[in-house]
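*Asks:* Whatever this is, show me its structure:
(one chain, ligands or ions: 1)
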Amino acid sequence: MDPRIRIIDFPIVHEPRGNLSFIEGERQIPFPIKRVYYLYDVPGGAVRGGHAHKDLQQVIIALSGSFDVVLDDGKQRHKMSLNRSYHGLYLPNMVWRELENFSSGAVCLVLASEIYLESDYIRDIREFRQAVENEA
Ligand code: TYD
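*Replies:* A predicted model of the protein is given here:
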């Protein structure tokens with residue numbers, strides 16, 4: 001799997017009153033954050049994602065609940081479960097991702113390196129695989 005993919009551990013302040021985690025742009029996140037979006041009210045069985053990005057980088061966080069992220073770098077497929085609000089999954093550009101198996105009430109927070117641009121998406125897996133081959 002693409003060695004750039006990794007889990008980022010956010011700081012945790014444990015207190016009897018509850019836990020607190022924080023994210024400081026460019027300290028924990030390897031890019032300037034230009035956009036934040038979140039998925040919620042995802043019905044059971046729904047699959048989100050199903051695309052790669054040409055340039056955009058992201059950090060994906062299971063802020064609440066859990067879901068699985070199926071990753072494909074054009075050579076290998078790998079499934080990861082996200083279920084900790086203090087873990088961020090860093091995805092560089094050119095990684096195919098599918099988000100599935102959302103628990104009830106799950107919230108998926110995404111920090112993105114770019115504003116929304118449809119032309120940055122590759123939504124066809126064959127086109128993605130071809131692009132990875134062409135890059136090699
Ligand atoms: P999409 O990225 O395909 O969703 P997901 O990958 O989570 O399944 O986006 C779904 C729709 O929402 C699409 O019509 C574009 C729109 N959208 C925005 O307008 N702004 C955004 O920041 C995002 C992420 C999506």
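*Asks:* Excluding covalently adjacent residues, which one is nearest to residue 23?
*Replies:* Leaving out its chain neighbours, the residue that sits closest to residue 23 by C-beta to C-beta, 6 or more residues apart in numbering is residue 10, at 5.7 Å. The C-beta positions use only the backbone N, C-alpha and C, and glycine is treated the same way.
*Asks:* what sits against that neighbour?
*Replies:* By C-beta atoms under 8 Å, 6 or more residues apart in numbering, residue 10 lies in contact with 21, 22, 23, 28, 86, 87, 88.
*Asks:* Export those residues to a markdown table and append columns for distance to the ligand.
*Replies:* As requested, those are arranged in a markdown table below (distance: C-beta to the nearest ligand atom, whole Å):
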| residue | distance to the ligand |
| --- | --- |
| 21 | 23 |
| 22 | 23 |
| 23 | 18 |
| 28 | 21 |
| 86 | 22 |
| 87 | 19 |
| 88 | 16 |
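*Asks:* Most neighbours of all the residues you listed, which one?
*Replies:* residue 88 (25 neighbours; other C-beta atoms under 10 Å).
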